[in-house]
Structures are given as structure tokens and as C-alpha cells.
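In: Mind folding the following:
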Amino acid sequence: MPHRTAPDPRTQPRQFLTYLFEMAVRRALPLHNTAAFLPPPPQGRTLVLGAGKAGGAMAQAVEAFWPEAAPLSGLVITRYDHIPPRPMGLKPRIEVVEAAHPVPDAAGLAATQRLLALTQDLTANDLVLCLISGGGSALLTLPAEGLTLADKQRINQALLDSGAPIAEINCVRKHLSQIKGGRLAQACAPARVVTLTISDVPGDDPATIASGPTVPDPTCCAEAISILKRYHIDLPAPVLAALTRGTLETPKPGDATFAGHEIHLIATPQQSLQAAAQAARAAGLNAYILSDEIQGESREVGKVHAALARAVVTQGHPFQRPCLLLSGGETTVTVRPLAPGVPRGRGGRAGEFCLGLAQALQGQAQVYALAADTDGIDGVQDNAGAWVEPTTLNRAHLKDLRIDDYLDRNDAYGYFAALGDLVMTGPTFTNVNDFRAVLIL
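Out: So this is what the prediction gives:
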């Protein structure tokens, strides 16, 4: 992503917000963040294992900085179409394969089986370098005994549709897996494990990122059962019985498995928000980072941001304009049941945030916004997110688009596509989750 001059926010607000998003993504790119965290080559061999939306870019960064004379091999799983173009002259040393996200598929299962098999015959002289980023939970899929891939797909989709926060979703995923929740670290013993991770979760907890395959798990089987019951998600009877008995328990903090292991966060949501804030201040704006840990229903978070923006314009507080409000985190979308024959909407968290924001702003003058997922994909669509402008509702009215109808069927993609207001970037090859910027002139 090349450097460029910042557009003038007062005359080019949409272009300026796009520029800030680019600065946030740039800060999270693996090539800019990996070298400082690489350990020295071991006496034995170095095996690279990993999964996540940034997996392809992380693997290339390791290849770029690892000594040419030192042995290096491995396997990393990333999402379809998320392998970045290879830089000229960079020798491929790590295999990168693609699979489905957010619902796992047979390609992910086969790749995970191959990845786990590579851990056989490791010695204490070997190093396992694990590259973990958001999306790894779906990509690194190896169902617990008694579960089929179809079972995992059904459970995963039900959790995604439920509106459950990511920590709850990943608690369940860990206990229904043979590789998540620290089990990959167990498989690597007695080799030393160094994990490099890019955070896409509120709080940057490595145990939650991609369901912590190399990290001790503080959650338990009983919590997983409680979550499944809360969202009315059924399990095959033998698997529920195994959870109830604790047979599917994960390794916990203090387990000897993790002695001598290292975990490094190489990129975080807060760092990306700070990069955007710095760019905004350089353009003469007051920039405020509300939080990098915002959770909750996307549309409701949009309404809160709208209330803050309207207060700034109409009352002059709590922030001084011209200003920029930034936030990150991982909001959720609860998919509403639809009447028979009504097509299911399309869209993700960023788009639904923008629907809620636009609805609450009611065309407020001098307020512009961009919300996008930093991986370049909002949910499962081809857009990163959407823009909101003072003209959004009026332009929609002229096209006979009722925002309430689109919210009812979770169809942010349809609404903003009709307006020409989708943010389209393609995969960015990193992932620090939600990016929201509200510009108040």
C-alpha cells in the first residue's frame, strides 16, 4: 500500500477517511512488524505453522527476514484469495494453502490434518514458529472425536448468527477441537514454540485470537456447555456427554506444556487506531480514540457514535471540532428471523454499524463516516465496509430505499451498494478487526 499525500478533509472528506483507513491497515501489515520478534535459528530445524487471514503475508515476512542459510519449512493456512503477491526475488520456503472462512470447509480440514502431522518427530533442539491471526479459528479446523465437519459447520454458523461475543464463540470452538485451545502446543512438544500473533480481538488476549492454538486456555467445558445452551445450539449426544464429563477439557495455565514458550503481539487494533489518529492530527484535526475494545450489536454501536457526533455539532461537546472520532473492537450482528419467502440480507458488522449510524444521524450536516473491516472483507461479502455522509438518507429516499427495511433483514450490503457507498479494497492481507472513523467538520 503506497504512501500518498493526505487529502484535505474539509473538501474531500470521503477520500480523507479512505486515506486514514489505509494508514491503519499499513500499520498492521506483517512486513512492517515481524523482524523485531523473530528468535535466532535453533540448533535443529525451524518449522513454521500457522493459520489466519494474515497467514500468507506473515509467512512471506518470515521468509524475507529469516537467514537464507538457516533451514526453514512449514505450512500456513489462510482464507481463499488471501495470499499476497510474492515480492520479486523472495524464495518460497513455507507452503501456504487456502480454505474457507468464516465457516470451515473440507479444504481447511485436510490442511489442518497435514499441519498437525508435521509436528511428529520434533525434538528439543527444534523451533516451532507459529503465525496466528484472526480467522484462524475457522481455518484451523479439526473436530473433536464424535463431531463431523458438517456438525462443526452447523455449530459455527449458529454461533455466528447468534450475536455471541467472540470470546464466547471461541470458548466453544476450543472445546470442540483437537487443535485449538493450546492443543497445537501440546502436539509440538518437546520443541520450543514461539508464537507471533496479530490481534483481532477486544483486549488482545492471545488465548482468544484464533482460539489460542498454542496458548493455555482459562475457560472450561462447563462454560462451553452454558454458552451452547444460552444460544439454543444442539450437540450430538455423545459429544455433549464428553463435554459434561470434562473429557474434552483443554490444557490450562500452569501446564508444563507451555514452559519456555513465547508469545509476541506484533500488531494490535490500538496501534492501527493510533496511526490513523496521528495522520488526522497532521491534517489539523483533533483526533480522539474512543476505544479499541468496543463490543455489542453493530447497529446500536452506530447509534451511540451518532449521538456523540450530533452532540459535537449541536452543542460543542464532548469534543472540539473539527475532529475525528476513532474506534475499534469487534461488534456483532444478530441475524433476525425473516418471513417465509423474504431473502436473507447481505452484509457484515461494518455495514450494519453504518446503517445504525445513518439512521440515527438523520442527515446531520458536517458528519461523515467510514466503517470497514481491516482485512478488507466485511463478513463474507466483497466489500470492506461502507461510507455515511449527510446526503445518505436523502439519496436513499430518492431511490425508494427505506433504511428500516434494510436493518430488519440485515441487508447493509444491498443498501449501500444501491447508493454506490460500499468501501471496496479487496483483501488487505492483515486483520486487526473493526475500524470506524467519524469525521465532524
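
In: The longest strand anywhere in the chain pairs with which strands, parallel or anti?
Out: As assigned by DSSP state E, the longest strand anywhere in the chain is strand 286-294. According to DSSP bridges, strand 286-294 forms sheet pairs with strand 323-329 (parallel).

In: And the partner strand, how far out from the chain middle?
Out: How far strand 323-329 lies from its chain's middle: 17 Å, per CA atoms, centre = their mean, to the nearest Å.

In: Which helix or strand lies directly C-terminal to that strand?
Out: helix 349-361 (DSSP states H and E).

In: next structured bit after the longest strand of the chain?
Out: With elements assigned by DSSP H and E, the helix or strand that comes after strand 286-294 is helix 298-315.

In: Go through that following helix and flag the buried ones.
Out: 298-299, 301-306, 308-310, 312 (16 or more other CB atoms under 10 Å). C-betas here are computed from N, CA, C, even on glycine.

In: and of those residues, the nearest to residue 187?
Out: residue 298 (36.6 Å; CB to CB).

In: Let me see the domain layout of the chain.
Out: Using automatic domain parsing, the domain parsing of the chain gives 30-267, 269-440.

In: TSV for these, including distance to residue 17 and mean pLDDT?
Out: Below are the domains of the chain laid out as TSV (distance: least, CB to CB, whole Å; pLDDT from 0 to 100):
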stretch	distance to residue 17	mean pLDDT
domain 30-267	21	96
domain 269-440	4	95
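
In: Adding distance to residue 5, write the ones you listed out as CSV.
Out: Listed next are those as CSV, based on distance: least, CB to CB, whole Å:
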stretch, distance to residue 5
domain 30-267, 20
domain 269-440, 10
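
In: among these, which is nearest residue 21?
Out: Using CB to CB, the nearest of the domains of the chain to residue 21 is domain 269-440, at 5.7 Å.

In: Tell me where the stretch 101-250 of the chain has strands.
Out: 127-133, 192-198 (DSSP state E, counting those that start in this stretch).

In: Most tightly packed of the ones you listed?
Out: Among the strands of the stretch 101-250 of the chain, strand 127-133 has the highest mean neighbour count (mean count of other CB atoms under 10 Å), at a mean of 28.

In: For that strand, which strands pair with it and how are they oriented?
Out: Strands adjacent to strand 127-133 in the sheet, as given by DSSP bridges, are strand 46-51 (parallel), strand 192-198 (parallel).

In: What is the burial count for residue 232?
Out: Neighbourhood size, residue 232 [other CB atoms under 10 Å]: 8.

In: how near is it to residue 406?
Out: From residue 232 across to residue 406, the span is 26 Å (CB to CB, to the nearest Å).

In: Next: residue 380.
Out: Following CB to CB, the distance that separates residue 380 from residue 406 is 17 Å.

In: the more surrounded of those two?
Out: Looking at residue 380 and residue 406 with other CB under 10 Å, you find the greater number of neighbours at residue 406, namely 24 against 14.

In: Could you say which helix or strand holds the more buried one?
Out: helix 403-408.

In: Pull out the buried positions in that helix.
Out: 403, 406-407.

In: Between those residues, which sits nearest residue 100?
Out: Set against residue 100, the nearest of those by CB to CB is residue 406 (26.7 Å).

In: That closest one: what's it in contact with?
Out: 345, 355, 412, 414-415 (CB atoms under 8 Å, 6 or more residues apart in numbering).

In: most neighbours, which of these?
Out: residue 412 (35 neighbours).

In: isn't it right up against residue 356?
Out: No - in this structure, residue 412 is not within contact of residue 356 by CB atoms under 8 Å, at 9.4 Å.

In: Which residue is the nearest non-sequential neighbour of residue 389?
Out: residue 368 (5.4 Å; CB to CB, 6 or more residues apart in numbering).

In: for the one you found, what are its contacts?
Out: Contacts of residue 368 by CB under 8 Å, 6+ apart are 13-14, 17, 387-390, 438-439, 441.

In: rerun at 6 Å
Out: 13, 389, 439 (CB atoms under 6 Å, 6 or more residues apart in numbering).

In: Surely it forms part of a strand?
Out: Yes - counting by DSSP: H, G, I helix; E, B strand; the rest coil, one finds residue 368 located in a strand.

In: mind checking how far it is from residue 298?
Out: 19 Å.

In: if we can go back for a sec, can you convert the strands paired with strand 127-133 into CSV and add a column each for distance to residue 257?
Out: Formatted as CSV, the strands paired with strand 127-133 follow (distance: least, CB to CB, whole Å):
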stretch, distance to residue 257
strand 46-51, 15
strand 192-198, 9
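
In: Ok, which of those comes nearest residue 431?
Out: Of the strands paired with strand 127-133, nearest to residue 431 by CB to CB is strand 192-198, at 6.3 Å.

In: Put the alpha carbons of the closest one into CSV.
Out: C-alpha atoms of strand 192-198 as CSV (Å, rounded to 0.1, in the frame of the first residue of the first chain):
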residue,chain,number,x,y,z
ARG,A,192,10.3,-24.8,21.7
VAL,A,193,7.3,-22.8,20.5
VAL,A,194,7.4,-19.1,19.6
THR,A,195,4.0,-17.6,18.6
LEU,A,196,3.8,-14.4,16.6
THR,A,197,0.2,-13.1,16.6
ILE,A,198,-1.8,-10.2,15.1
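
In: that older thread, what sits up against the helix or strand that the helix holding residue 406 is followed by?
Out: The element immediately downstream of helix 403-408 (helix or strand, assigned by DSSP H and E) is helix 412-419. Outside helix 412-419, the residues within contact range by CB under 6 Å, 6+ apart are 346-347, 351-352, 355, 381, 386, 395, 399, 401, 406, 422.

In: let's see 7 Å
Out: 345-347, 351-352, 354-355, 381, 383, 386, 392, 395-396, 399, 401, 403, 406, 422 (CB atoms under 7 Å, 6 or more residues apart in numbering).

In: Would you mind checking those for buried ones?
Out: Applying 16+ other CB under 10 Å to those flags 345-347, 351-352, 354-355, 381, 383, 386, 392, 396, 401, 403, 406, 422 as buried.

In: Looking at strand pairing, list the partners for the residue nearest to residue 389.
Out: Bridge pairing for residue 368 - DSSP bridges - gives residue 439.
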